[in-house]
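build the 3D model from these lines:
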Amino acid sequence: MGCMRKLPSLIVLAFLALVQGCGGGGGGGSADGAVAPTPAPAPAPAPAIKPVLPTDPNSQQISVERGVGNNVNLLTTSVTVCAPGSSSNCQTLDHIVVDTGSTGLRILASALQPALAQALVQQTDAGGIPVLECAQFVDGYTWGPVKRADVRLASEQAKSLALQVIGDPAFLGAPLRCAATGPSKNSVQELRANGILGLSVFRQDCGSACTLPNNRGMYYVCSASICVQSPIALDQQVQNPVSKFSVNNNGVLIQLPSIPGSGAERADGLLVFGIGTQANNALGGATVIGVDPASGNFTTRYKGGSLTTSFIDSGSNGLFFPDAIAVCTSASAAPGFYCPASTVNGSAVIEGRNGTSATIAFSVADAAKLLTDNPSYTAFGSLGAPFAANSFDWGLPFFYGRKVYTAIEGASTPAGPGPYVAF
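Sure, this is the predicted structure:
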């Protein structure tokens, strides 16, 4: 992995106060402060979607619901964090974003109980100076120290995992290079969640690029009020927790139900650990799409164009791609998103680096109308927005009604070693 490793992506869409963002290493604007029109009376409830509840020790529930930020299309789960070596000083944190577009666990300091926060082990360099990270997302950054904790997901455990504590009051004030990457995501109001669970195809969040002196401005050592950019060894970087499990450690499966065209009040599904390691995570007939080992990207062919920096990302709340579809006005409930006069039914071809391809049908509806007509809904399968000219971000709408696999780089699976995505 080199400097082309894709930046983490996190797209949070506030309920009836949309903020456009986009995953991957691309552009995208924002339109804050728009006042939504008075919503119409709520329609009759959508057909009930039966929750998928975990019955196996390597699986746990994931949900799309309003959460702590009144969100739309934000997939979250729970994570148990313990002081290293402790079975009693533990805390289960809910509303943690499930994000296949980034790597590593990031927890808001404000969400941690004081006793646990104090017991997490600060990571330091060889001279004993604290290590901190500026995790750079397209719509902002998170700043905070890298600490060690034991982490449990379902029955799986990652011991002494390197994670980021976001907004730790002991380390306020990000370096200028970090702050210049965008607005901070260092509070629950800004992040709209209690943390991020990054489950990408990578083992570390930066890789070999951050072992070099010029590390993209991600890792720092901070003494008193001075922070200096510093190279960080691979085993000291924020880690993909699944790669640290003793079993079921080669990737994840995300399974979400299909939802009606108008959306749903919520959607519940499963996060299953491992690929081809248990009866509940077999690949079956899934199409395996090889991705670039440095960036995690593949190619999407759409309307005669070749979008070579495309990716599948559960942390993006819509389908983000370039098109001439009409965009919602700044005064609407969905500024910056697509608002076609009638629903657009399209298709695109996903092409893997391994030569495998699949044609994907999708729909894009009037985002403003969807939200105003369905004010209690949080799950929508036809939200779309403009994106960088060379990218197609297959965000959360892609996951509804599918089983989507993410295989970790170098890990052995029935379809060969990762990295790849499959569906």
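
so, low pLDDT: which residues of this structure?
1-53, 215 (pLDDT under 70).

domain-wise, how is it divided?
Listed domain ranges for the chain are 13-32+53-244, 278-422 (source: automatic domain parsing).

let me have those in JSON lines, extended by mean neighbour count and distance to L270.
Glycine gets a C-beta too; all of them are placed from N, C-alpha and C. Shown next, in JSON lines, are the domains of the chain (neighbours: other C-beta atoms under 10 Å; distance: least, C-beta to C-beta, whole Å):
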{"stretch": "domain 13-32+53-244", "mean neighbour count": "20", "distance to L270": "5"}
{"stretch": "domain 278-422", "mean neighbour count": "20", "distance to L270": "8"}
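
tell me the phi and psi of the nearest residue to V98 once chain neighbours are set aside?
Nearest-residue entry for V98: L75, 4.6 Å, with adjacent residues in sequence omitted and distances by C-beta to C-beta, 6 or more residues apart in numbering. Note on L75: its backbone torsions stand at phi -90, psi 120 [degrees, to the nearest 10].

out of the domains of the chain, nearest to G269?
The closest of those to G269 is domain 13-32+53-244. By C-beta to C-beta, the value is 5.2 Å.

how far out from the middle of the chain is the closest one?
11 Å (C-alpha atoms, centre = their mean, to the nearest Å).

do the same with stretch 321-340
23 Å.

picking that back up, out of the domains of the chain, which gets nearest to L253?
domain 278-422 (5.0 Å).

ends of the closest one, how far apart?
Length of domain 278-422, first residue to last, C-alpha to C-alpha, to the nearest Å: 17 Å.

any idea how far A224 is from the residue nearest to V98?
39 Å (C-beta to C-beta, to the nearest Å).

next one: I166
Distance, I166 to A224, using C-beta to C-beta: 21 Å.

one more: G315?
Taken as C-beta to C-beta, the span from G315 to A224 is 35 Å.

so which residues of the stretch 251-400 of the chain form helices?
Along the stretch 251-400 of the chain, counting by DSSP state H, counting those that start in this stretch, helices occupy 367-373.

in three-state terms, label the closest residue in space to P213 that isn't next to it in sequence for me.
In this structure, P213 finds its nearest non-sequential neighbour in P231, 5.5 Å apart by C-beta to C-beta, 6+ apart. Secondary structure for P231, judged by DSSP: H, G, I helix; E, B strand; the rest coil, is coil.

related to what we said a few turns ago, OK, contacts around the residue nearest to V98?
By C-beta atoms under 8 Å, 6 or more residues apart in numbering, the residues touching L75 are 62-64, 97-98, 254, 256, 314-315, 396, 399.

cool, and E65?
76, 265-267, 378-379.

for those, work out which two are farthest apart.
Using C-beta to C-beta, the pair of the contacts of E65 lying farthest apart is T76 and E265, separated by 15.2 Å.

does A282 touch G276 like I think?
Yes - at 5.8 Å, A282 and G276 qualify as touching, with contact defined as C-beta atoms under 8 Å.

overlap in contacts, these two.
Common neighbours of A282 and G276 (C-beta under 8 Å, 6+ apart) are P414.

I'd assumed S363 was in contact with S382.
Yes - the criterion here is C-beta under 8 Å, and S382 meets it with S363 at 4.4 Å.

who touches both of the two?
Contacts common to S382 and S363, judged by C-beta under 8 Å, 6+ apart, are 261, 343.

so how far is D168 from the most centrally placed residue in the chain?
By C-alpha atoms, centre = their mean, the chain has its centre lying nearest to D99, at 2.0 Å. D99 is 21 Å from D168, where distance means C-beta to C-beta.

again, but for T300
If you measure T300 against D168 using C-beta to C-beta, the figure is 39 Å.

do P213 as well
25 Å.

G290 too?
G290 sits 38 Å away from D168, going by C-beta to C-beta.

again, but for S342
On the measure of C-beta to C-beta, S342 and D168 end up 49 Å apart.

also F392?
36 Å.

do F245 as well
In terms of C-beta to C-beta, F245 sits 26 Å off from D168.

now T378
Separation of T378 from D168 (C-beta to C-beta): 30 Å.

who does N345 bridge with?
S363 (DSSP bridges).

got a list of what it touches?
361-363.

dump those residues to JSON lines, plus distance to E156.
Below are the contacts of N345 laid out as JSON lines (distance: C-beta to C-beta, whole Å):
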{"residue": "A361", "distance to E156": "34"}
{"residue": "F362", "distance to E156": "33"}
{"residue": "S363", "distance to E156": "36"}
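
and of those residues, the nearest to L120?
F362 (41.7 Å).

that closest one touches P397, doesn't it?
Yes - counting by C-beta under 8 Å, F362 touches P397, with 7.0 Å between them.

overlap of the contact sets of these two?
When contacts are counted by C-beta under 8 Å, 6+ apart, F362 and P397 are jointly contacted by 319, 382, 384.

in contact with the second one, which residues?
The reference is to S382. 261, 343, 362-365, 370, 397.

which of those residues sit farthest apart?
The widest separation within the contacts of S382 (C-beta to C-beta) is 14.7 Å, between F362 and L370.

ok, P340 - contacts?
For P340, the contact set (C-beta under 8 Å, 6+ apart) comprises 325-326, 364-366.

how close does it get to I408?
P340 is 38 Å from I408, by C-beta to C-beta.

ditto for A117
Applying C-beta to C-beta, the value for A117 to I408 is 29 Å.

quick check: closest non-adjacent residue to G346.
The nearest residue in space to G346 (C-beta to C-beta, 6+ apart) is F362, at 5.8 Å.

then the longest strand anywhere in the chain to CSV, C-alphas only?
Counting residues, the longest strand in the chain under DSSP state E turns out to be strand 140-153. The C-alpha coordinates for strand 140-153 follow below in CSV (Å, rounded to 0.1, in the frame of the first residue of the first chain):
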residue,chain,number,x,y,z
GLY,A,140,-13.8,16.7,7.5
TYR,A,141,-11.3,15.2,10.0
THR,A,142,-11.1,13.5,13.4
TRP,A,143,-8.3,14.4,15.8
GLY,A,144,-7.2,12.5,18.8
PRO,A,145,-4.7,10.2,20.4
VAL,A,146,-4.0,6.6,19.4
LYS,A,147,-4.6,4.3,22.4
ARG,A,148,-4.8,0.6,23.0
ALA,A,149,-7.9,-1.3,24.2
ASP,A,150,-9.4,-4.8,24.1
VAL,A,151,-12.4,-4.7,21.7
ARG,A,152,-15.3,-7.2,21.4
LEU,A,153,-17.6,-7.5,18.4
